[in-house]
Structure formats: structure tokens, C-alpha cells
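> Need a 3D model of the sequence below.
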Amino acid sequence: MQASSSSEDAFVVESTPQAVEHPLPQIPFYSIEYPGYVRTTSVPLAVSNLGGQSALESAFKRAASKTETLIELKLRPDQPFAHPVPGDVVATNNILLKVVRKRRKNRLEDGAIGEYTAEAIGVIPKTARFRSMVDYQYQPDMNDPVSKLRVAMDEMDVDALQSYVMPEEKAEYTVTINGASGTDMDVDDILDPQLTGVPIPPQPAKDIPIIRSNLRLFPPPLFSRQTIPQAYK
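As a prediction, the model looks like this:
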């Protein structure tokens, strides 16, 4: 609004154009900030890594308890000792927009790359986020009796559980392997070395043995989600 005065102290009000009002649909949607690349074909895999459709429905329901809103992302679901990424469902006030791009037939006509239109189709009252620090990933020897016991417990293999015998502990804290069977650093083979930031060491000669630790230190099945240290007395 702009006002101007004349010599006779009369005010003339000039109206300015206002934005067009659009109704906001109240259809609720729930979003997940997945820490990774998700394509249309990989959506079922992403949902499976989050615990399945039933786990997501329990986490996003209206009267969900604090325990039910905890989501775990298992990036390596086939490895029982790989700890999942913890996530939480938080309240948000976001709007879901549908953006449509109309491409021009001749892009060199005026330098424009296309026209965009946005439409609000709903609101997002809850969002699943993964903001916590990821645990270190350690993969023990799956041929170890303790590893086989863990797999049997996951698969509810009664015969394997009944036949399990505690192995005799030997004082062999190091093991010597052939130089051609590994490197002197434990780096996951499925990761791109450029993403890990760890330089690839040169491959040792086949006749040079490598000494590695043989300590059977298995990670616990579950770490605490508490991020604030407790005052123990």
C-alpha cells in the first residue's frame, strides 16, 4: 500500500497487487531422510533395511510410544555383527510440494531451460531422521564358533544350539598369513577407497608373511543409544 498527499491534505491510496491465495491440503504424508541414494527400483530394498513396512507404520502412528518411534537402518542386514544406524521420528511442520518442469522445444530461443510449476499436495507432520553417529563396523571371523552360535540364535536353529560346545581358549594372540591373502589394513572391500579416505597400501610380496591380531573380541549385540554421559556414584 502506498499513500500520497496533495495540497488540499487529501490522501490517495494506491493498491498493490497481492499474492494469490491457495488452499493448503491437509492430507498427511510421512517422510524419511534416508542417508543414501534411493532410486525408484531400490525403494523395496530401502524399506526392508528400515525394518519393513510394519515397523515404519508402528513408528509413524499417532499414539506411538518412545520405544516404537525408534528406527534402525541396517545397511548390512546379512551381517549379524554390523550395528544399525539409529534413527528417530520427530515432529515437523513441512509442506509436500509437487514440482513439474515443462521443457521447451527450443532451449536456445531465449536462454530459458524450462518452466516450473509447484503445487502443495499435503503436509508432513512427522519425519524420520538419522542424525546420530554411526558405530564402528567390525566383522569377526564367521567361521569362529561364537559367530556360528550367533547365526544359530538368529535363525533359531535348535540343533546347532544344543550341540554347541564352548571351545578351548588357546593363547594364540597373533596369526601369520600369507602376504598375497590380504593387506596390513582392514578396509571393507565393498567401499570405494576414494570415499574412505584411507590410502591403499601397496600389496606385499607373496613370500613376506603378515602378522595380524588373533584376539577374539566380539562386539556386543547392542550398544546404548544414550548420548549424554551418566554421573555414576
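
> Helix, strand, or coil at Pro86?
Under DSSP: H, G, I helix; E, B strand; the rest coil, Pro86 falls in the strand class.

> ok, now Pro77?
Secondary structure for Pro77, judged by three-state DSSP, is coil.

> Provide a list of residues in contact with it.
Going by CB atoms under 8 Å, 6 or more residues apart in numbering, Pro77 touches Ser48, Asn49. Any C-beta I mention is one placed from the backbone N, CA and C, and that applies to glycine too.

> and Asp159, that's in a helix?
Yes. Applying three-state DSSP, one finds Asp159 inside a helix.

> The protein: strands as residue ranges?
Assigned by DSSP state E, the strands in the chain fall at 2-5, 11-14, 28-32, 70-73, 85-102, 115-129, 174-177, 210-213.

> And those strands: which comes nearest Ser54?
Closest approach to Ser54 among those is made by strand 70-73 (12.2 Å; CB to CB).

> follow-up on the earlier one: point out the most buried one among the strands of the chain.
Sort the strands of the chain by mean neighbour count, taking mean count of other CB atoms under 10 Å, and strand 70-73 sits at the top with a mean of 18.

> which residues touch the helix ranked longest in the chain?
Selection of the longest helix in the chain by residue count, based on DSSP state H, yields helix 145-155. Residues from elsewhere that reach helix 145-155 (CB under 8 Å, 6+ apart): 80-81, 140-142, 157, 160-161, 164-167, 216, 218, 221.

> Please report how far Gly87 lies from Ile32.
Applying CB to CB, to the nearest Å, the value for Gly87 to Ile32 is 8 Å.

> Give me the common contacts of those two.
Shared contacts of Gly87 and Ile32, counting by CB under 8 Å, 6+ apart, come down to Ala128.

> picking up where we left off before, and the strands of the chain as a markdown table, adding mean pLDDT?
Formatted as a markdown table, these follow (pLDDT from 0 to 100):
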| stretch | mean pLDDT |
| --- | --- |
| strand 2-5 | 50 |
| strand 11-14 | 63 |
| strand 28-32 | 93 |
| strand 70-73 | 88 |
| strand 85-102 | 90 |
| strand 115-129 | 91 |
| strand 174-177 | 71 |
| strand 210-213 | 71 |
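
> Buried residues in stretch 148-164, which are they?
Neighbour counts using 16 or more other CB atoms under 10 Å place Arg150, Ala152 of stretch 148-164 among the buried residues.

> try stretch 42-52
So for stretch 42-52, counting by 16+ other CB under 10 Å, buried means Val47, Asn49, Leu50, Gly51.

> low pLDDT regions in this structure?
1-14, 104-113, 177-208, 214, 221-233 (pLDDT under 70).

> If we use 80, what do you get?
1-17, 64, 66-67, 103-114, 133-141, 167-233 (pLDDT under 80).

> Out of the contacts of helix 145-155, which comes closest to Lys98?
Pro80 (41.4 Å).

> And the residue lying closest to that closest one once chain neighbours are set aside, how far from Tyr173?
Of all residues not flanking Pro80 in the chain, Arg150 sits nearest, at 5.2 Å (CB to CB, 6 or more residues apart in numbering). The gap separating Arg150 from Tyr173 is 22 Å, by CB to CB.

> Same question for Gly52.
Taking CB to CB, one finds Gly52 at 41 Å from Tyr173.

> How about Tyr116: which residues does it bridge to?
Arg101 (DSSP bridges).

> Go ahead and confirm Ile121 touches Pro28.
No. Judged on CB atoms under 8 Å, Ile121 makes no contact with Pro28 at a distance of 11.2 Å.

> Are there residues contacting both of the two? Which ones?
By CB under 8 Å, 6+ apart, no residue touches both Ile121 and Pro28.
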